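K.L.:
sequence first, then the predicted structure:
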Amino acid sequence: MTRKRRLTEDQERQRIEGLRILARIIARHYQAHPELYPQPVDAAGGGAERV
């Protein structure tokens, strides 16, 4: 069985910062190109309108 090594505080800070950067990239792409993403469907089977 292998154990995961814990990250140092600096490595954890870098990991979180990288995730924040990635989230911003994804959000900006979604906002710039909403037509590339599927429309959500509500429980009644209709598509939700974008605002």
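P.N.:
Yes, it's here.

K.L.:
E17: which element?
P.N.:
helix 9-32 (DSSP states H and E).

K.L.:
roughly how far apart are the residue sitting nearest the centre point of the chain and I16?
P.N.:
Against the mean C-alpha coordinate of the chain, by Cα atoms, centre = their mean, the closest residue is A23 at 4.8 Å. A23 is 11 Å from I16, where distance means Cβ to Cβ, to the nearest Å. Just so you know, the C-beta spots here come from the backbone N, C-alpha and C atoms, and that holds for glycine as well.

K.L.:
could you do T2 as well?
P.N.:
24 Å.

K.L.:
more neighbours: which of these two?
P.N.:
Neighbour count, other Cβ atoms under 10 Å: between T2 and I16, I16 has more, with 10 against 4.

K.L.:
tell me the pLDDT at that one?
P.N.:
pLDDT recorded at I16 is 98.

K.L.:
do the same with K4
P.N.:
The model's pLDDT for K4 equals 83.

K.L.:
and for E35?
P.N.:
So E35 comes in at 93 (pLDDT).

K.L.:
one more: the one 3 residues further on?
P.N.:
P38 carries a pLDDT value of 90.

K.L.:
mind listing what it touches?
P.N.:
Contacts for P38 (Cβ atoms under 8 Å, 6 or more residues apart in numbering) come out as none.

K.L.:
residues of the helix holding E17 that come out buried?
P.N.:
Buried positions in helix 9-32, judged by neighbour count with 16 or more other Cβ atoms under 10 Å: none.
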